[in-house]
Every structure is written in structure tokens, then in C-alpha cells.
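Q: below: sequence and its predicted model.
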There are 4 protein chains.
Amino acid sequence: MAKPSWKAETVPCEFKLVRQVEFPDTDKSGFVHFSAFLRYMEAAEHAFFRSLGYSIWTRGIEPPVGWPRVRAGCDLKHPLRFEDRVEIHLLVREKKDKSIAYEFIFRKLNEQPVKEVGRGTLVVVCVTRAQGKMKSAPIPAMIAERIEVAPPELLEPCP
Amino acid sequence: MAKPSWKAETVPCEFKLVRQVEFPDTDKSGFVHFSAFLRYMEAAEHAFFRSLGYSIWTRGIEPPVGWPRVRAGCDLKHPLRFEDRVEIHLLVREKKDKSIAYEFIFRKLNEQPVKEVGRGTLVVVCVTRAQGKMKSAPIPAMIAERIEVAPPELLEPCP
Amino acid sequence: MAKPSWKAETVPCEFKLVRQVEFPDTDKSGFVHFSAFLRYMEAAEHAFFRSLGYSIWTRGIEPPVGWPRVRAGCDLKHPLRFEDRVEIHLLVREKKDKSIAYEFIFRKLNEQPVKEVGRGTLVVVCVTRAQGKMKSAPIPAMIAERIEVAPPELLEPCP
Amino acid sequence: MAKPSWKAETVPCEFKLVRQVEFPDTDKSGFVHFSAFLRYMEAAEHAFFRSLGYSIWTRGIEPPVGWPRVRAGCDLKHPLRFEDRVEIHLLVREKKDKSIAYEFIFRKLNEQPVKEVGRGTLVVVCVTRAQGKMKSAPIPAMIAERIEVAPPELLEPCP
């Protein structure tokens, strides 16, 4: 049976967040500090979850799950400056039973043509806590079924 | 009767922390971002508590207490730069039943003569948590008796 | 002569910025770290400048001016949590020849009725740089004439 | 000819920095925010440079060089908490004409036996600035000759 066309909308594999570089994101070099890119990635991930109807700090799911980050990284090609408008493009690269891998493309919007300034990676693991101990756990179905892996062509490195 | 000389050591009214300005503390201006001064003050407060034998995140006190900040501020006269060595001089200005007020003097050590670059204020309240609610509470005696208010001459503004 | 009604719009004395609490703004207590309130104040100040047609990091003004912070502080009555929506209400308290004093009211919007959670203060000085030295300077007319002091009733402490 | 024994000391291939987790490094989860690991890595890199007699923000080198980060990442196995003592072990993995690649091992010292909690990677490029443009440049000899690549056995992943 053909996949209904509305499916693509309700089961997203990507998300875009736009934010403007704030002053404390910059450092003495005049550019955005590299650790800020990890915060940008996480902000997009959290907004992605909200777009699905959930908070990353789950409410309404029993048992509650958390999403510690086990891998994070970024490749930076061009610097960002104060008040630059940056698009953080989240793509779901992999969805396993207990973890999700995201890729991110950073684009500077206030320049024509729009310029890719870097890429990022984030791998998070779904966990529950019992007796103060974290334990990896299957992603709750109600979340897992709302997330789709992005098609390979979206994930390909830019030329 | 003369105050025993060991008193000054065991019941302190002040504490000094020295740290070096790190790169992410700076911003595009080349100077330390003003919000970093609040982090510096807090770092000195936490080191002060450790010097008393406690963690600000109390362990071994029942019921556990927390110290939310209800007032914080700073006056800045001279900027700090990357790798400057700054002394954060904590002084206890007031000790009430349920709160402590601190004053801070920031000094740049890598300049001769040593230069006062700013002052800060921090007021914290002792609280306990019950059913997820915070409630102000008397400072546990074992902590209160280890802290003394600084003599007025130490607290006077510099000329 | 009556003040023309459009005046209030073009020469503003206040500005409101709404933002959502992000994960790294929180700390182990589960609440927003107090230093984040200073960053929130500054974000509102910078957005206020952009609303006037300027960047706080002035472009197009000769000589370029900067705005170092000489005083900053906040009083906090209620904590903020992850994903809370906070309104940062900037009010111009004082406009001098070479400095501006702002007041801020923090309101938590995702609670009914809307709750004031704290207040803040920020004093900035207009400076130029020559030979690497900062020197206080008159606020450029094109900026000064676009900013008005808020009427006292807006600045009064809430009951 | 045998390598003189003092060589290992004067031309280092590794560096260790110990720091204590500060309160704003933590987030609502109670653990250190993952972006802090990038700041820790950079702090170790900057301390490494100081141990060589240089600042990462070079003084006394003509033309001045900068070290933008082009790649950064970390793998995290165990969380860190407030006041944990963490050793950041920097190892030089690669030294090219215009770039340096570092590896980092994070170890939690306040636990017996000492536990590896994560690993990190950082690649920096040496640049000069001319007319506001950054351009990759050979690492100045006086710096390059003071840095050695770590032997493979130090860089091997732990079992």
C-alpha cells in the first residue's frame, strides 16, 4: 500500500532552527566560540522534540526517559560573527532501538548566497534512571514512531 | 579578654580565590564578559565553603539545604583580559538567621601595583526542599558557627 | 503642545524580548543559573538597539562607539526552569550625556497569571577607543535622540 | 645516536591539566553539560602552550598567529558531577606544517580506581590575519620545534 502523502509531514526526518549569534557566544577572536556550535545543535534537537509534541525533558511518558549525549562533534569551515543569522539544519542519520544519531548543517543566512559554515554530529542514548543509576532503554514507541531517518541524499556531504 | 589567635583561622570572615581568565570568558570586545564576574563570585563562595569542610551542595547535613541566589551585582571599573590573573576576595558582610550577604573585591594581580578592577555583591538564602517546594530555613548551626562577619574596615569602599 | 501620538512609537523608552529557557542555562539545581539573567538583560538591550536601527556593535557611526557595562545586578524572587518562556522587559531609567541606565523586569509567561520573577539593572557607558585605550564619550546624537527615559510609573517597584 | 634524556622534557608531546567541575558547568540533569568538555579541552591546550612559554594568543611572534578550531569532538562514557576532579590529558596526535591535531583523555580523579570518562579530539589551524582575512600559515618554527607527536602507544584507545 502506498505511503500516504501526509506521512512525510507528520513523521519528520529533519528540522531547521534559525538563531542570531549573541554577544556572549563570541570570544576575543571576534568569532563564535567553537563550543557554542554544540549548544546550537542541542537547541535544534530540543526544538525538534517540541515540534513533535514532546520535551526532551520528558513529561507524560512513564517511565521518564533522558537523553545523555555520548558523542558530539563539529567541523568548522567558516567563522560566525556577532548578530549573524545561522540556520541549524538537523537531520536524523540513524535511529536505533536505544539511540539516535543526528547530523547538522550550519548555514549563515545573512550572506548571499547562503553559505555552509560547518557540520555537526550528535549521538544521544535513551536512558531511564533507577536508584540514581542511568540505564540505556528502548526509545518509547510514542517518540520512536514520530521520527524517521533522513534519506541518504540529504545526508551527503556537500560538494 | 583577647581573642585567641587561632580564632581568626578557624572562623573565617573572608576568603581569596585566584583564577586565570579563560578564553570563553572573553567576548568580541576582547574583555571578560560581565556575566563572568558573577561566575567568579560564585566560584569563590563555593571554594570558601569547601575551605570550611562543606560543599555548597551539602552532603552530610540533614535535612539537606540549598543556597539560591536572591541578589547579585557587580560594579566594574577596569576590564579584564584573556590570561589575566584575578583575585576574587570574598568578605562576609552579613550573616542572618536564614541568609548570608557577601561582598567581593576583584583585583588584577598581573599588574604592578595590583589594581582593583571591580566589586561585587551576592545574597544567598538557605532553603530546604519539601515536596518539590523550596522554603527558607535557618542556616544549619554547624555551618553558621563556622562563618563570621568581616570587620567594617575590610568592607569599606576603597578611596 | 500635545506630544504627537506617533512620538511614543518612534522614540521608545522600553522594549520587550521573549525567550525560552535553554538547557545550558540551567544548572544542577534544576533552575536557571543566576548569571544567565545578566545575559538575558543584555540580549534585550541588544535587541532594543536593533529595533532602533543600530547594532550595539556600531556600524556606520564615526568614530565607532562601544558600550562597556559598569554596573549590573539582579534581584530574583522566583526560579525559572528549562523551557519556561520569559519576558525580559527593558525600561530606560536614565539617559545621561555619556551613559544609559536600564531597568529590567523578568516575567514568566507560561503561568497564569503571568508572574514577575525578578528585576535587573544595567548601566552602560559610551566609549570610543583610541590607541587601544577606551575613553568615555558623548552618546552619538543619532542614537541619543532615539531613546527616551521611561515615565516614573513604569519604573516603580511592583507592590 | 641516542636521544638525549632531557629531550623528552623540553619537547613535550603531552600535558595534563586538573580542574574541578564548577556549578555553571552542570545542567538540570545534575551532570556536566557536554559542551563543557570542549572548554576543558581548550583550557588544557592553552595551559600546554603556556607551559611551552607561549600564549595561544601569541605575543612576541611576528606576524602574530591565531589558532582557529576546525574540528572538535568528544565521546563520553561516564558523566561528571559538580566538584568532581577531572584530569584532562592532552596528547599531540599529529603535527603538520600548518595544523595540529590533539587527542584528550578525560579521567575522573576522585574515584578509586581513577576512571576514564571520555575522550576528545581537537584540530587547530595556524593562521595569520591580513586585511581582516584569515589565511592558513606555517606554524612558526619557534613553536613547532617545541612540540612533538606522542608515541602511538599513548594514543591507543583504552581496552
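A: Yep, it's here.
Q: switch to C-alpha atoms for all contacts and neighbour counts from now on
A: Will do.
Q: state the distance from the closest residue to chain B within chain A to chain D.
A: Of all residues in chain A, residue A:27 sits closest to chain B, at 3.7 Å by CA to the nearest CA. Residue A:27 is 12 Å from chain D, where distance means CA to the nearest CA, to the nearest Å.
Q: residue contacts, that residue?
A: A:33, B:23, B:24, B:25, B:26, B:27, B:28, B:29, B:30 (CA atoms under 8 Å, 6 or more residues apart in numbering or on different chains).
Q: same list (these) but as TSV, adding pLDDT.
A: Below are those laid out as TSV (pLDDT from 0 to 100):
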residue	pLDDT
A:33	98
B:23	98
B:24	98
B:25	98
B:26	98
B:27	97
B:28	96
B:29	95
B:30	94
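Q: buried ones only from those residues, please, as a ChimeraX command.
A: Those of the contacts of residue A:27 that count as buried under 16 or more other CA atoms under 10 Å in any protein chain shown are selected in ChimeraX with:
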select /A:33 /B:23,24,25,26,27,28,29,30
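Q: can you tell me which of the contacts of residue A:27 is nearest residue D:141?
A: The closest of those to residue D:141 turns out to be residue B:23 (CA to CA; 24.3 Å).
Q: ok, which stretches of chain A are helices?
A: For chain A, the helices defined by DSSP state H occupy A:7-10, A:34-51, A:141-144, A:152-155.
Q: any figure for the gap between the closest residue to the residue of chain A closest to chain B other than its chain neighbours and residue C:134?
A: Distances taken as CA to CA, 6 or more residues apart in numbering or on different chains put residue B:27 closest to residue A:27, at 3.7 Å, once the chain neighbours are dropped. Remark: distance between residue B:27 and residue C:134 (CA to CA, to the nearest Å) = 16 Å.
Q: where does chain A dip in pLDDT?
A: A:1-10, A:157-159 (pLDDT under 70).
Q: residue in it nearest to chain D?
A: residue A:73 (3.7 Å).
Q: beta partners for the nearest residue to that residue once chain neighbours are set aside?
A: Nearest non-adjacent residue to residue A:73, counting by CA to CA, 6+ apart: residue D:73, 3.7 Å away. Counting by DSSP bridges, residue D:73 forms beta bridges with residue A:73, residue D:121.
Q: now the residue nearest the centre of chain A: how far from residue A:58?
A: For chain A, the residue nearest the mean C-alpha position is residue A:45 (3.4 Å; CA atoms, centre = their mean). As judged by CA to CA, residue A:45 and residue A:58 stand 13 Å apart.
Q: what do you get for residue A:46?
A: 11 Å.
Q: which one's more surrounded, these two?
A: More neighbours surround residue A:46 than the other of residue A:46 and residue A:58, with 19 against 14 (other CA atoms under 10 Å in any protein chain shown).
Q: got the contact list for the nearest residue to residue A:70 once chain neighbours are set aside?
A: Excluding the flanking residues, the one nearest residue A:70 by CA to CA, 6+ apart is residue D:76, at 4.7 Å. Residue D:76 is in contact with A:69, A:70, A:71, D:117, D:118, D:119, counting by CA under 8 Å, 6+ apart.
Q: count the neighbours of the nearest residue to residue A:89 once chain neighbours are set aside for me.
A: On the basis of CA to CA, 6+ apart, the spatially nearest residue to residue A:89 that is not a chain neighbour turns out to be residue A:16, at 4.5 Å. The local packing of residue A:16 (other CA under 10 Å) involves 16 other residues.
Q: pull the contacting residues for residue A:16.
A: Per CA under 8 Å, 6+ apart, neighbours of residue A:16: A:44, A:87, A:88, A:89, A:90.
Q: so which of those are in strands?
A: Using DSSP state E, the members of these that fall in strands are A:87, A:88, A:89, A:90.
Q: restricted to buried residues, select those residues in PyMOL.
A: Under the burial definition 16+ other CA under 10 Å, those of these that qualify are selected in PyMOL by:
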select buried, chain A and resi 87+88+89+90
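Q: closest to residue C:154 out of the ones in strands among the contacts of residue A:16?
A: Nearest to residue C:154 among those, with distances taken as CA to CA, is residue A:87, at 36.9 Å.
Q: which non-adjacent residue is nearest that closest one?
A: Here the residue nearest residue A:87, using CA to CA, 6+ apart, is residue A:18, at 4.4 Å.
Q: can you list the residue ranges for strands in chain A?
A: A:14-20, A:69-76, A:85-95, A:99-108, A:115-125, A:127-130, A:133-136.
Q: output those strands as TSV; include the columns distance to residue B:50.
A: Converted to TSV, those look like this (distance: least, CA to CA, whole Å):
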stretch	distance to residue B:50
strand A:14-20	39
strand A:69-76	30
strand A:85-95	41
strand A:99-108	38
strand A:115-125	34
strand A:127-130	29
strand A:133-136	26
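Q: residue D:39: which of the ones you listed is closest?
A: strand A:69-76 (12.9 Å).
Q: contacting residues for the residue nearest to residue A:73?
A: Contacts here follow CA under 8 Å, 6+ apart; on that basis residue D:73 touches A:71, A:72, A:73, A:74, D:38, D:120, D:121, D:122.
Q: so the last one touches residue D:94, yeah?
A: Just to be clear, that refers to residue D:122. No: the pair residue D:122 / residue D:94 is not scored as a contact, 10.6 Å apart, by CA atoms under 8 Å.
Q: those two: which is more packed in?
A: residue D:122 (25 against 15).
Q: leaving out chain neighbours, which residue sits closest to that one?
A: That would be residue D:72: by CA to CA, 6+ apart, it lies 4.5 Å from residue D:122.
Q: got the end-to-end distance for stretch A:25-33?
A: End-to-end distance (CA to CA), stretch A:25-33: 6 Å.
Q: same thing with stretch A:141-156?
A: 28 Å.
Q: ok, now stretch A:23-41?
A: Span of stretch A:23-41 from end to end, CA to CA: 18 Å.
Q: how about CSV for the contacts of residue D:76, with neighbour count added?
A: Shown next, in CSV, are these (neighbours: other CA atoms under 10 Å in any protein chain shown):
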residue, neighbour count
A:69, 22
A:70, 19
A:71, 20
D:117, 17
D:118, 21
D:119, 22
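Q: nearest to chain C among those residues?
A: residue A:69 (12.9 Å).
Q: for that closest one, give its distance to residue D:29.
A: For residue A:69, the distance to residue D:29 - CA to CA - is 12 Å.
Q: which parts of chain A sit against chain D?
A: A:34-36, A:38-39, A:69-77 (CA under 8 Å from any CA of the partner chain).
Q: nearest to residue A:129, of those residues?
A: For those, the nearest to residue A:129 is residue A:69 (15.1 Å; CA to CA).
Q: that closest one reaches residue A:127, doesn't it?
A: No: in this structure residue A:69 lies outside contact range of residue A:127 using CA under 8 Å: 10.6 Å.
Q: what does chain A have sitting close to chain C?
A: So chain A meets chain C at A:22, A:23, A:24, A:39, A:43 (CA under 8 Å from any CA).
Q: make it 10 Å
A: Contact residues, chain A versus chain C (CA under 10 Å from any CA of the partner chain): A:22-24, A:39, A:42-43, A:46-47, A:50, A:55-57, A:82-83.
Q: who's in contact with the residue lying closest to residue A:65 once chain neighbours are set aside?
A: Distance criterion CA to CA, 6+ apart; nearest residue to residue A:65, sequence neighbours excluded, is residue A:128 at 4.8 Å. Listed by CA atoms under 10 Å, 6 or more residues apart in numbering or on different chains, the contact set of residue A:128 reads A:62, A:63, A:64, A:65, A:66, A:67, A:134, A:135, A:136, A:137, A:138, A:139.
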